[in-house]
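>>> The following comprises the amino acid sequence and a computationally predicted model.
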Amino acid sequence: MIFCANLGLRDWGRGGRFGAPDTGSGGSSPINQTQKAKDDAEEDALKAYLSEVSAKEAIDNVEANLFQGKIEDLLEEVSDGPSFPGPISEAFYWSNGDVIGIQGPVGSGKTTTLMKSRLRRAIEMPRSTIDKVRRYKVLFIRETYRQLWSTTIPSYLEAFPKEMGQWSGGRGDPVTHKMRFEDVHGPIEFVTEFMAFGDDIIASMRGVQTTDIVLNEADTMPVDILTVGIGRIDRWPAREHFDGLPINLRSYGQVCCDFNAPDEENWTFNVFHDEEHRTRMMEELSADLPEGVDAIQILFFLQPGYGETGCENLQNLSPTYYPRQIASMKLAGRGDMVERLVYNKITYMRVGDPIFLKHFNRRIHVAENTLQPISGIPLSIGLDQGFKAAAVIGQFIPSGHHGYWRLYAELHFPKERLLAKVFGDRLAELLGDPRFSRFRVDGAWGDMAGEQGSSLADDENENWNLLAGAAAGITIMPQNIGANRINPRLEAMRSALDAPIIQGNPGLLVDPSMKFFIAGMTARYVWTDTVDKNGDKRKIPDKSFTEANVIDASQYLFLSQFMANGMSPNSIPNDNGRMGHNGGPALNDRRSAIETAYDILNPYGD
C-alpha cells in the first residue's frame with residue numbers, strides 16, 4: 001500500500017510538518033485556522049494508521065518516502081528520455097527481448113545503462129488486473145557473494161541508493177531491496193534481489209520466482225546459469241495478476257547479460273556472436289508456444305571498441321582513460337587483455353606462458369578474410385593421431401631457396417573420441433569441399449606413434465596412420481625428421497613464424513577460421529614444468545589443452561619442408577655464400593685474417 005498520496009508521508013522529516021502550526025504575527029487568521037484544521041485532520045489520520053500497523057511497517061514507509069524525490073527524478077528522466085553513452089546502448093536500454101546481451105570495452109557505460117533499464121522495465125510492467133499495482137522483481141546473480149559485493153552491488157547502488165527503499169541483508173548473505181513509488185499510471189512495487197549460485201546452480205535456483213534475471217559479467221559464469229535461469233523468469237507476480245489481459249501481455253520476463261569480449265569457447269560467444277546458433281535457439285524455444293504469444297527473441301548489442309568509429313561513452317571519459325589502460329596492461333605483459341577489454345575483440349584467455357608469445361602476431365599471421373588455395377600448387381596435410389586427432393591443410397609456396405606457408409583449414413573434434421577410420425572419413429569429406437576438391441594432395445605427415453611397430457605407439461595408436469589414411473584416400477607418412485623430439489618441432493614452427501616477408505607475404509599466413517590453431521598460438525599452447533628422473537626441473541609444452549593437438553599436427557606439416565639434417569629452408573641464403581662484409585661483395589682480394597672454414601676430413605688442421 002502506498003501512503004504518500006493520502007497521508008502526506010512524502011513530507012515526513014522535513015521539519016515542523018506535524019508540530020504546532022506557525023501563526024506568525026498575524027495571529028489566528030482564517031487562513032491559519034484552515035491550515036490548522038487540515039493539519040489536525042492529517043494528524044488524526046496518521047494516528048489512526050499507526051494504531052493499525054506495527055512500528056517496523058511505519059518506519060519502512062517513512063524511509064521509503066524520504067527519498068521519493070530521488071525516485072521522481074528517475075521517473076522524470078525515463079519519461080523525458082535519458083541520456084545514453086551511444087546508440088548501441090540506447091537500443092539495449094529499450095529492448096524487451098527475452099534474452100538480451102550487450103558487449104563492449106571497459107568504460108563503455110554498458111553496466112550503468114543496464115541498471116537504469118531495470119526501472120524502465122518496471123514502469124512498463126503490465127498492471128495487475130486485481131489491484132492495478134505493477135509488481136516487478138529483478139534478480140542479480142553471480143557465482144560468489146564476494147563478486148556481488150565487489151562489482152555488481154556498487155554499480156546497482158549508484159543507480160538506486162539503499163535509502164530509496166528497504167534494504168535487508170549484508171555481506172556474505174542474500175540481499176533484498178524493496179522500493180514502492182508511483183508514477184502517473186499508478187503504484188509500482190520494485191523488488192531487487194542479489195544471489196550467489198555457488199557450486200550447485202540447479203539447487204540454488206530451485207524455487208526462484210522473478211520477473212527478470214541479470215547476469216552481470218555473464219562471460220564469467222557457466223552456461224547452466226542461462227539454461228536454468230530461462231525457466232525462472234516470468235514467474236513474478238503470480239499468474240492471477242494477469243487474468244483477463246490479452247495473451248501476449250501475460251508474459252513479461254527477461255534474461256539480461258552484459259560482458260566484455262569473450263573467449264571463442266565461452267557460451268556468450270555461441271549464444272550471441274554465432275548468428276546461426278542464435279537463430280536455431282530462438283526457433284527451438286518458440287516452437288511450442290501457444291498461438292498468439294510473441295516468438296522468443298535473443299538479441300545482441302555490440303558496442304564498438306576503442307579506436308573504432310562510434311566508440312561509446314567517450315564524452316564521459318578523460319582523454320587518457322584508454323591510453324592509460326593500454327599502457328598498464330602491456331606493462332603487466334597482458335597484451336591479450338588489451339585486445340579483449342579495450343579494443344573489444346574476441347580473443348583467448350591465457351592459461352599460462354604461451355610458447356610462441358614473441359613470435360606469433362595475430363595481426364601479421366592471421367588473414368582478415370578466408371584464404372583460397374593458390375592454383376598449381378598441391379595441398380599438404382599435417383596430422384596428429386589419437387582419439388582426439390587433428391589435421392591441418394596447407395600449401396607451401398616456394399620462392400627461390402625460401403618459401404612461405406598458407407594454412408587453410410583445421411579438423412579437430414575435442415568433444416568427441418573418434419576412431420581412426422571415422423576421423424579419416426571426416427577428412428575425406430573436408431577434402432571434397434569445393435575449396436579443395438580440385439587440388440591434389442602432395443603429401444601427408446603424421447606422428448611416428450601412429451605407425452605399426454613404432455616404439456612410440458600405444459595400443460590405441462598403432463596402425464592409426466594406415467587406417468585414417470585409407471579412409472581419407474591419402475597416404476599418411478610418419479614424420480621422421482627430428483625423430484619426434486620436441487625441439488626440432490618447435491624450431492620448425494618458429495622458423496615459419498620468423499621467416500622474412502617474401503613478396504608481401506609473411507612466413508606463415510593462417511585462415512581466420514582456424515580457431516584452435518589461433519587459440520593455441522595466442523593463449524593455450526603454453527609451457528609447463530616437469531621433473532626428470534634426476535629430479536631436475538625443465539620446461540615442456542603443456543599437452544593438457546586440446547589446442548596442442550592442432551599445433552602438433554601443424555609442426556609435422558612444417559617439418560616436411562625441412563632438410564634431412566633438420567635445417568629449415570629459410571636458413572639457406574639466396575646467394576651462393578656470404579661475401580665480404582655482412583654478405584655483400586668482397587671488399588678486396590685479400591683473405592680474411594680469421595679463417596673460419598675447415599676440412600671436414602681434417603677439422604683440427606693436423
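Thanks, I have the structure now.
>>> mind exporting stretch 144-156 as PDB, just the C-alpha atoms?
Extracted C-alpha coordinates of stretch 144-156, given in PDB (Å, rounded to 0.1, in the frame of the first residue of the first chain):
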ATOM      1  CA  THR A 144      30.000 -15.700  -5.200                       C
ATOM      2  CA  TYR A 145      28.800 -13.000  -2.800                       C
ATOM      3  CA  ARG A 146      32.300 -11.600  -3.000                       C
ATOM      4  CA  GLN A 147      31.800 -10.800  -6.700                       C
ATOM      5  CA  LEU A 148      28.300  -9.400  -5.900                       C
ATOM      6  CA  TRP A 149      29.700  -7.000  -3.300                       C
ATOM      7  CA  SER A 150      32.800  -6.000  -5.200                       C
ATOM      8  CA  THR A 151      31.300  -5.100  -8.500                       C
ATOM      9  CA  THR A 152      27.500  -5.700  -9.000                       C
ATOM     10  CA  ILE A 153      26.100  -4.200  -5.900                       C
ATOM     11  CA  PRO A 154      28.200  -1.000  -6.000                       C
ATOM     12  CA  SER A 155      27.100  -0.500  -9.600                       C
ATOM     13  CA  TYR A 156      23.400  -1.000  -8.600                       C
END
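>>> got the contact list for that stretch?
For stretch 144-156, contacts defined as Cβ atoms under 8 Å, 6 or more residues apart in numbering pick out 111-112, 115, 140, 142, 171-173, 175, 177, 192, 194, 196, 198, 216-217, 220. Any C-beta I mention is one placed from the backbone N, CA and C, and that applies to glycine too.
>>> Show me those residues that map onto helices.
Among the contacts of stretch 144-156, the members found in helices (DSSP state H) are 111-112, 115.
>>> What ranges does the stretch 251-400 of the chain have for its strands?
Here the stretch 251-400 of the chain has its strands, by DSSP state E, counting those that start in this stretch, at 254-259, 298-302, 379-384, 390-399.
>>> one step back: between the ones in helices among the contacts of stretch 144-156, which is closest to Asp224?
Set against Asp224, the nearest of the ones in helices among the contacts of stretch 144-156 by Cβ to Cβ is Thr111 (22.8 Å).
>>> isn't Asn505 right next to Tyr404, touching?
Yes. Using Cβ atoms under 8 Å as the test, Asn505 is close enough to Tyr404 to be in contact (5.0 Å).
>>> Now list whatever residues contact both of the two.
Shared contacts of Asn505 and Tyr404 (Cβ under 8 Å, 6+ apart): Ile397.
>>> neighbour-wise, which of the two wins?
For the pair Asn505 and Tyr404, the greater number of neighbours falls to Tyr404 (21 against 16), based on other Cβ atoms under 10 Å.
>>> Report the contact partners of that one.
Tyr404 neighbours (Cβ under 8 Å, 6+ apart): 396-397, 496, 499, 502, 505-509.
>>> Pairing partners for the strand or helix carrying it, with directions?
Assigned by DSSP states H and E, Tyr404 belongs to strand 402-412. Strand 402-412 sits in its sheet next to strand 390-399 (antiparallel), strand 508-510 (parallel), going by DSSP bridges.
>>> next structured bit after the last one?
The C-terminal neighbour of strand 508-510 among helices and strands, as given by DSSP H and E, is helix 515-519.
>>> Return the distance of the helix or strand following that next one from the chain's centre.
Counting by DSSP H and E, the element after helix 515-519 in chain order, helix or strand, is strand 527-531. Distance, stretch centre to chain centre, for strand 527-531: 29 Å (Cα atoms, centre = their mean, to the nearest Å).
>>> Give me the packing partners of strand 527-531, helices and strands only.
Contact here means 3 or more Cβ pairs under 8 Å, 6 or more residues apart in numbering; DSSP states H and E; on that basis strand 527-531 packs against strand 537-541.
>>> tilt between the strand it packs on and strand 527-531?
Orientation note: strand 537-541 sits at an angle of 140 degrees relative to strand 527-531 (axes from the mean of the first three to the mean of the last three Cα atoms, to 10 degrees).
>>> Quickly compare the strands of the stretch 251-400 of the chain and say which is most buried.
Ranked by mean neighbour count under mean count of other Cβ atoms under 10 Å, those are led by strand 379-384, which reaches a mean of 26.
>>> returning to that earlier point: quick one: which of the strands of the stretch 251-400 of the chain is nearest Leu490?
Between those, strand 379-384 lies closest to Leu490; by Cβ to Cβ that is 14.4 Å.
>>> The closest one vs strand 402-412, what angle?
50 degrees.
>>> by contact count, what packs against strand 379-384?
Using 3+ Cβ pairs under 8 Å, 6+ apart: strand 379-384 touches strand 390-399, strand 441-446, helix 547-559.
>>> Out of these, the one nearest Leu75 is which?
Checked against Cβ to Cβ, the stretch from these lying closest is helix 547-559, at 51.6 Å.
>>> Now do that closest one: which elements does it pack against?
When contacts are defined as 3+ Cβ pairs under 8 Å, 6+ apart, helix 547-559 packs onto strand 379-384, strand 390-399, strand 402-412, strand 441-446, helix 486-498, helix 515-519.
>>> Can you lay out these as a markdown table showing distance to Phe181?
Converted to a markdown table, the helices and strands packed on helix 547-559 look like this (distance: least, Cβ to Cβ, whole Å):
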| stretch | distance to Phe181 |
| --- | --- |
| strand 379-384 | 63 |
| strand 390-399 | 59 |
| strand 402-412 | 56 |
| strand 441-446 | 69 |
| helix 486-498 | 62 |
| helix 515-519 | 49 |
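>>> which stretch among the ones you listed comes nearest Lys358?
The minimum distance between Lys358 and these falls on helix 486-498, with 9.4 Å, by Cβ to Cβ.
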